[in-house]
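Please work out how this folds:
(chains A, B and C)
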Amino acid sequence: MPEILEAETARLLIEKRALNREIISVDARDAWYLKQGLTPRAARAALPGRKFVAARRRGKQLFLDTDGDGPVVGFHLGMSGRVVIDDAAAGDPLLYASNRDVKDWYRFSLGFADGGQIALRDPRRLGAVVFDADEDRLGPDALELTRDQLRTAVATSRAPLKAVIMDQHRIAGLGNLLADEALWRSDLDPARSANSLTATEQARLHRTIRTTLRTLGRRGGSHTGDLMVARVPGGMCPRDGAPLRRRTVGGRTTYSCPVHQV
DNA sequence: GATGACCTGTGA
DNA sequence: TCACAGGTCATC
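Residues are numbered from 1 along each chain as shown, chains lettered A, B, ... in the order given. So this is what the prediction gives:
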């Protein structure tokens, strides 16, 4: 996904199009896609006759509440998953992932009594469907992040700053592109140890995460950052023209400006 | 904490 | 054929 902005787009689509429609069938043809002990049989036993009554999100994860004593259905989009309702796919085309509509990529779908359907289409199969996930394993949602929460997240770890803000247990929602963009806008080196930030830098990072999410959300997604155009080998910093540095930080490909990110 | 594993498609 | 991909998990 699919970072927090795409997850929110998917949540909005679900909220608008999938609530209060009676589920009558379950197509869990890819049993591997069901995680945390969920089986196709259990899904078929639990969902028909129910409807979704709320679509919630924390970080990149989606939680669909069902009526009565039904399960909370968790959707996780992995690297390439998208929510498709009837014939509408949520969000902009994904980079780094195919957007073709291939039948084989429908890993999980639910049919509605009115003839429509909600489905997860995921070429890479790194997403998941779960029931009744432990939502509190995730940290505070990045879109609602307070300054105190940011301070707590970074002050308690000496891991690289980027690894810490991408750690879903500490802050839920930031992925590789958003983390690079926010750090680039914050003038902070992704490899610095998180607990080395001064109070001023923490405040700046907090403010920047918020404005980055707001701005890129308005533009249409995680791939619309200013750094994206330069996020290629040999790319130049859009702000000061310096050659960008490309390396691995926190296990992920990372682009940063050696001149203004310190 | 860094690393490799999971899985599959795409483009060089 | 290879490197690489907006994510997470277990393991050294």
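
Report all helices and strands that the lengthiest helix in chain A contacts.
Criterion DSSP state H: the longest helix present in chain A is helix A:199-219. The helices and strands touching helix A:199-219, judged by 3 or more C-beta pairs under 8 Å, 6 or more residues apart in numbering; DSSP states H and E, are helix A:4-17, helix A:147-155, helix A:176-186. From N, CA and C alone the C-beta is placed, and that goes for glycine too.

Render the CA-only coordinates of the last one in PDB, please.
Going back to what we said before, that points to helix A:176-186. Only the C-alpha atoms of helix A:176-186 are listed here, as PDB (Å, rounded to 0.1, in the frame of the first residue of the first chain):
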ATOM      1  CA  ASN A 176       9.500   4.100   3.200                       C
ATOM      2  CA  LEU A 177       8.400   6.900   0.900                       C
ATOM      3  CA  LEU A 178       6.700   9.100   3.600                       C
ATOM      4  CA  ALA A 179       9.600   8.600   6.000                       C
ATOM      5  CA  ASP A 180      12.100   9.700   3.400                       C
ATOM      6  CA  GLU A 181      10.000  12.700   2.500                       C
ATOM      7  CA  ALA A 182       9.300  13.800   6.000                       C
ATOM      8  CA  LEU A 183      13.000  13.500   7.000                       C
ATOM      9  CA  TRP A 184      14.100  15.400   3.900                       C
ATOM     10  CA  ARG A 185      11.600  18.200   4.700                       C
ATOM     11  CA  SER A 186      12.800  18.200   8.300                       C
END
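
roughly how far out does it sit from the chain middle?
15 Å (C-alpha atoms, centre = their mean, to the nearest Å).

Burial check on A:Arg210, number of neighbours?
Using other C-beta atoms under 10 Å, A:Arg210 has 18 neighbouring residues.

ditto for A:Ala10
Residues contacting A:Ala10 under the criterion other C-beta under 10 Å number 27.

Report the separation between it and A:Asp27.
Distance from A:Ala10 to A:Asp27, counting by C-beta to C-beta, to the nearest Å: 19 Å.

And A:Ile85, by the same measure?
Here the distance between A:Ile85 and A:Asp27 works out to 14 Å (C-beta to C-beta).

More neighbours: the two, which one.
Neighbour totals were compared for A:Ile85 and A:Asp27, and A:Ile85 leads with 21 against 16 (other C-beta under 10 Å).
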